[in-house]
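Novice: Any chance you can model this:
(chains A and B)
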There are 2 protein chains.
Amino acid sequence: MSKYWSKLVTRLEPYVPGEQPQDQQYIKLNTNENPYPPSPKVLAALKESIDGSLRLYPDPNSSQLKQAIAEYYKVAIEEVFVANGSDEVLAVTFQAFFTNDKPLLFPDISYSFYEVYCKLYDIDEKRVPLDADLSINLDHYSIENGGVIFPNPNAPTGKALPLSAIKKYLEENNKTVVVVDEAYVDFGAESVIPLTKIYPNLLSIQTFSKSRSLAGSRIGYAIGNKSLIEALERVKNSYNSYTLDKLALIAGTVSIKDTDYFQKTVNTIIATREETITQLQALNFSIIPSCTNFVFAQHNSIDAETLYMQLKASGILVRYFKRDRIDNYLRITIGTDNEMKTFVQRLNELIP
Amino acid sequence: MSKYWSKLVTRLEPYVPGEQPQDQQYIKLNTNENPYPPSPKVLAALKESIDGSLRLYPDPNSSQLKQAIAEYYKVAIEEVFVANGSDEVLAVTFQAFFTNDKPLLFPDISYSFYEVYCKLYDIDEKRVPLDADLSINLDHYSIENGGVIFPNPNAPTGKALPLSAIKKYLEENNKTVVVVDEAYVDFGAESVIPLTKIYPNLLSIQTFSKSRSLAGSRIGYAIGNKSLIEALERVKNSYNSYTLDKLALIAGTVSIKDTDYFQKTVNTIIATREETITQLQALNFSIIPSCTNFVFAQHNSIDAETLYMQLKASGILVRYFKRDRIDNYLRITIGTDNEMKTFVQRLNELIP
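Specialist: The predicted model follows:
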């Protein structure tokens, strides 16, 4: 606290970075990174692009990347927004649509950053409880609001809503912007992108960090009606015209075009996930059906915090949330087959 | 305009990107990029770093880059903030220190983004006129304010204040944060960084885009008292924990360590600038003494807009601002010796 801080700063919490211990080699199943490298075509294109042209500013409009995303989803380039990771896309979205006089609605168990953006931008929030089975129930979102955001599939539960439920909700709610945060959608859920042609208040937000193995490049995007995209552009261009650097633009453009590699790695992760679920069930875990690259699991007799600590001591990091309703679950990122084999073996040793 | 936009969006202007014509090869003397490539050590380190680890998130604290910057300037790592270009550093700075009830002071002729940030973050502003000779006069900044920001050297004039003038101002003004935007400081002005040890309300903002030839990598930084830096960290971590991607972090870290290459290219640009000034004076231009990698010049008989158009038609882009008090000046980025030779030849042909 300092006399030089704005009021805004005083209401923000200091950030506690996620667990990245440096003291030994862990099997990292805690941050939902993809266990496979980016497409070899991405790595080759990046290597070729390292030259003196880094002295020049990147394209402020990110046209090539937007065009590649537009082609992939069969939308217009004016329906695509890109920025520095889906976190930045979310931050811009909150400023563009949610800074108004009514509360933003989002699930009580969800992506932890939503409440942080609300604090930063001084947005009223109302957290809507998940159902007892940890499902999002959109019937509870038909109350007065200044906007709606939820992840689909939700995190950290891994549960997805069917497109029909979202469509039904949109039919009845056209007054405010509805954002579906689809960071994990490629691992088994249905994207709302086709619905953006019908509903001008619908925005899909996605990322290259999970299904495209590019967490290190920080590329996120949003797809929606061009008037929503124009609002995002105005906000972004009012603080940083060039949020994606030259190399990130190249990585994203080549990545989205390599559909074969994308499909292959996503399918492998889904297969590993299903195999892992079977093995965890055999070890007396209850698992929420997952449409993501992680599983949310609780053991029928051993408490999650104990297991989390024991796994960590034995060199495996998973994610544990000490938070009401989910404090007996572990969130386990799906790694390679070998990593998951080691993980299940370790559990076999730990569980009597 | 759409019913879904927040009030915030409706007060923002759509962005008009700078002139980047695609129809022919121009000599680009219009965006103050460095004519020399980044250090060969940077390019080599980047090539070596292109591998599967791009699937992992970058270090959210940017520790290696901060450490390298701290060592270069002999400050503590807690006195260094880094983000996605100095534009993002500025945006975070405006939120952290200037969102209060009194007006922010900045020069009436200055970096055009200051007024854009004020609109975005709803900050009152008061533009303080430059003196008749286009100098910043800090005597005019001792009025009630919610903060002060000015570039040193100023842009687009290229004029620098001596450190003694800034020190005198800081002695008398310790109530609000004073930000010195030092994007061009390496080309001949004195940095305030040593003064940040004395004045807890002083912040220096710098960039890798100009003197370090890395505009394509988007790396900016701020140096100041650790309590100011903590405020910047809180704001940044409330909207995007990872604004610098893996490759940008590597480029920045290697670049700041290569002091020989940096000094060599900066000295070359300064020498080219002085030679260019002599030749422009011989062609009847009046030049403001420049401490930057550009010169701000007016011809004694031909108007600037005409010259700008003629140069463009002949394949050379410079910058022209159709703005009160400076609408008879051209801002000319210093390129290579060869580029400046062509530029002067072209002027010789155009000027009767």
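Novice: drop to CA atoms for contacts and neighbour counts, all remaining ones
Specialist: Noted.
Novice: Correct me if wrong: A:K210 contacts A:N32.
Specialist: Yes - the pair A:K210 and A:N32 passes the contact test of C-alpha atoms under 8 Å, sitting 6.9 Å apart.
Novice: what do the two both touch?
Specialist: Here A:K210 and A:N32 share the contacting residues A:N293, scored by C-alpha atoms under 8 Å, 6 or more residues apart in numbering or on different chains.
Novice: which parts of the longest helix seen in chain A are buried?
Specialist: Of all the segments assigned as helix in chain A under DSSP state H, the longest by residue count is helix A:259-282. Residues of helix A:259-282 classed as buried under the neighbour-count rule (16 or more other C-alpha atoms under 10 Å in any protein chain shown) are A:Y261, A:F262, A:T265, A:V266, A:I269, A:I270, A:T272, A:R273, A:T276, A:I277, A:Q279, A:L280.
Novice: which one is the last one nearest to, not counting chain neighbours?
Specialist: So that's A:L280. On the basis of C-alpha to C-alpha, 6 or more residues apart in numbering or on different chains, the spatially nearest residue to A:L280 that is not a chain neighbour turns out to be A:V344, at 7.3 Å.
Novice: domain assignment for chain A?
Specialist: According to automatic domain parsing, chain A comprises the domains A:7-38+A:260-350, A:40-258.
Novice: just the ones you listed: most buried one?
Specialist: When the domains of chain A are scored by mean count of other C-alpha atoms under 10 Å in any protein chain shown, the highest mean neighbour count falls to domain A:40-258 (a mean of 21).
Novice: Who's the closest spatial neighbour of the residue positioned nearest the centre of chain A, skipping the chain neighbours?
Specialist: Ranked by distance to the mean C-alpha position of chain A (C-alpha atoms, centre = their mean), the top residue is A:A183 at 3.3 Å. The spatial neighbour of A:A183 that comes closest, neighbours along the chain excluded (C-alpha to C-alpha, 6+ apart), is A:Q206 at 4.8 Å.
Novice: secondary structure class for that neighbour?
Specialist: Following DSSP: H, G, I helix; E, B strand; the rest coil, A:Q206 is assigned to strand.
Novice: ditto for A:L170
Specialist: The local conformation at A:L170, judged by three-state DSSP, is helix.
Novice: cool, and A:I149?
Specialist: Of the three states, A:I149 takes strand according to three-state DSSP.
Novice: Wait, it touches A:F106, no?
Specialist: Yes - taking C-alpha under 8 Å as the contact criterion, A:I149 and A:F106 are neighbours in contact, 5.3 Å apart.
Novice: near chain B, which residues of the stretch 51-200 of chain A?
Specialist: By the criterion of C-alpha under 8 Å from any C-alpha of the partner chain, the positions of the stretch 51-200 of chain A lying close to chain B are A:51-58, A:60, A:84-85, A:87-88, A:91, A:95-100, A:113, A:116-117, A:120, A:175-177.
Novice: Take those residues and keep only those in helices.
Specialist: Where these overlap with helices, as defined by DSSP H, the overlap consists of A:G85, A:D87, A:E88, A:A91, A:F113, A:V116, A:Y117, A:L120.
Novice: thought the third one was touching B:Y239?
Specialist: Yes - taking C-alpha under 8 Å as the definition, A:E88 is a contact partner of B:Y239 at 6.4 Å.
Novice: right, and A:Q64 touches A:V254 too?
Specialist: No - counting by C-alpha under 8 Å, A:V254 is not a contact partner of A:Q64; they are 9.8 Å apart.
Novice: Report all helices and strands that the helix or strand hosting the residue nearest to A:L280 contacts.
Specialist: Taking DSSP states H and E as the criterion, A:V344 maps to helix A:337-350. Contacts of helix A:337-350 with other secondary structure elements, assessed using 3 or more C-alpha pairs under 8 Å, 6 or more residues apart in numbering or on different chains; DSSP states H and E, are made with helix A:259-282, helix A:304-313.
Novice: about what we covered before: what's the closest of the ones in helices among the residues of the stretch 51-200 of chain A next to chain B to B:Y221?
Specialist: For B:Y221, the nearest member of these is A:E88. The distance, counting by C-alpha to C-alpha, is 18.6 Å.
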